[in-house]
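1. Next one to model:
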Amino acid sequence: MSESPLLIEDTGAVRRITVNRPDKLNALNLATLDALAEAFEAAGRDDAVRAVVLTGAGAKAFVAGADIAEMNTLTPVQGRDFSQRGQRMMRAVETLSKPVVAMVNGFALGGGLELAMCCHLRVAADTAKVGQPEVNLGLIPGFGGTQRLLRLAGRAATLELCLVGAPIDANRARELGIVNRVVPAAELETETMKLAQQLAASAPLAMRGVLDCVNFGGECSIEEGLAYETAQFGLMFSTTDMREGTGAFLERRKPAFTGS
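-> Residues are numbered from 1 along each chain as shown. A predicted model of the protein is given here:
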């Protein structure tokens, strides 16, 4: 059996998934896409996991892109299948019922930026660079880059990044709304894990409700989104966590959420 392209470890209720191909700058090949799909499916099933951190091994790259050597040999049908495989995996991450934080420790280019964008939050080192350079290879983004970038940064920024193909630094990415936070590289792991642990300590069902509402509302009319939010809000009143959270507030103590 070949060695897994991922490293997976748990710190309390936080699961850390690391793409471990540093010699390839953590490029996404078919085996890595499949391993990520399995890893996130397992994280979703595991009740002990309340938040996930995704990153890349080494100091240079989060994920530098898709594996160009593998793509170079693909036929048109295989290229379509490769795109669909990546899109399925990233959509599964995006719709996971638990918060996923991308820890962007270096280059996040092409498929790497697409992978970061499907996560719910993104924390980047101040040395990181992101971009969609596929046009320089005679390609376009294939794992959802044109669509998620459009939703995060708007039409003008999407067209510039995808048509020009030049990377931007972390601070510019934050200005455009592509990343949430930028921190000094030396503090990236500490700050990202602190955020993930904060999420892991929050009410799991409430966080799932937020994620569901945002995913649903982003693709529907305001009226449909508001109706969905109302239904989810009412559902929270059936949970033990809601009673615990409101009770703890009234009693001036820290809540202990159980996800029930």
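2. what about the nearest residue to Q232 once chain neighbours are set aside, neighbour count?
-> Nearest non-adjacent residue to Q232, counting by CB to CB, 6 or more residues apart in numbering: G209, 4.4 Å away. All C-beta spots, glycine's among them, are computed from the backbone N, C-alpha and C. Other residues near G209 number 20, with proximity taken as other CB atoms under 10 Å.
3. likewise the one 4 residues further on?
-> C213 sits with 18 neighbouring residues when counted by other CB under 10 Å.
4. Where does the prediction get shaky in the stretch 1-150 of the chain?
-> Filtered on pLDDT under 70, the stretch 1-150 of the chain yields the residue ranges 1-2.
5. 50 instead?
-> For the stretch 1-150 of the chain, applying pLDDT under 50 flags the ranges 1.
6. which residues in it form helices?
-> 30-45, 68-71, 76-94, 111-118, 145-153 (DSSP state H, counting those that start in this stretch).
7. Quick one: mean pLDDT over whichever strand or helix holds L199.
-> Per DSSP states H and E: L199 is located in helix 188-200. Mean pLDDT, computed over helix 188-200, is 97.
8. Show me which parts of that helix are buried, residue by residue.
-> If you call a residue buried by 16 or more other CB atoms under 10 Å, then helix 188-200 has these buried ones: 188-189, 191-193, 195-197, 199-200.
9. will you turn those residues into TSV that also has distance to M117?
-> TSV is the format used below for those (distance: CB to CB, whole Å):
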residue	distance to M117
L188	18
E189	21
E191	20
T192	16
M193	21
L195	17
A196	18
Q197	23
L199	18
A200	22
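10. Just give me the closest of the residues you listed to V104.
-> The closest of these to V104 turns out to be L188 (CB to CB; 8.1 Å).
11. quick one, what contacts the closest one?
-> Listed by CB atoms under 8 Å, 6 or more residues apart in numbering, the contact set of L188 reads 103, 105, 123-125.
12. if we can go back for a sec, any idea which of the helices of the stretch 1-150 of the chain is most buried?
-> Highest mean neighbour count of the helices of the stretch 1-150 of the chain: helix 111-118, a mean of 29 (counted as mean count of other CB atoms under 10 Å).
13. gap between that helix and the chain center?
-> 7 Å (CA atoms, centre = their mean, to the nearest Å).
14. E224: how many residues sit nearby?
-> That count, for E224 with other CB under 10 Å as the rule, works out to 12.
15. just L235 next, same as before
-> 13.
16. Can you tell me the closest non-neighbouring residue to it?
-> G209 (7.0 Å).
17. Could you pull out the buried residues of the helix or strand hosting that neighbour?
-> Per DSSP H and E: G209 is located in helix 204-217. Buried residues in helix 204-217, counted by 16+ other CB under 10 Å: 204-213, 216.
18. now the angle from it to helix 188-200?
-> Angle of helix 204-217 versus helix 188-200, following axes from the mean of the first three to the mean of the last three CA atoms, to 10 degrees, is 100 degrees.
19. Against which helices or strands is helix 204-217 packed?
-> The contact analysis (3 or more CB pairs under 8 Å, 6 or more residues apart in numbering; DSSP states H and E) places helix 204-217 against helix 222-236, helix 240-250.
20. What angle do helix 240-250 and the first one make with each other?
-> The one in question is helix 222-236. Going by the same axes, to 10 degrees, helix 222-236 makes 80 degrees with helix 240-250.
21. Okay then, goodbye and thanks.
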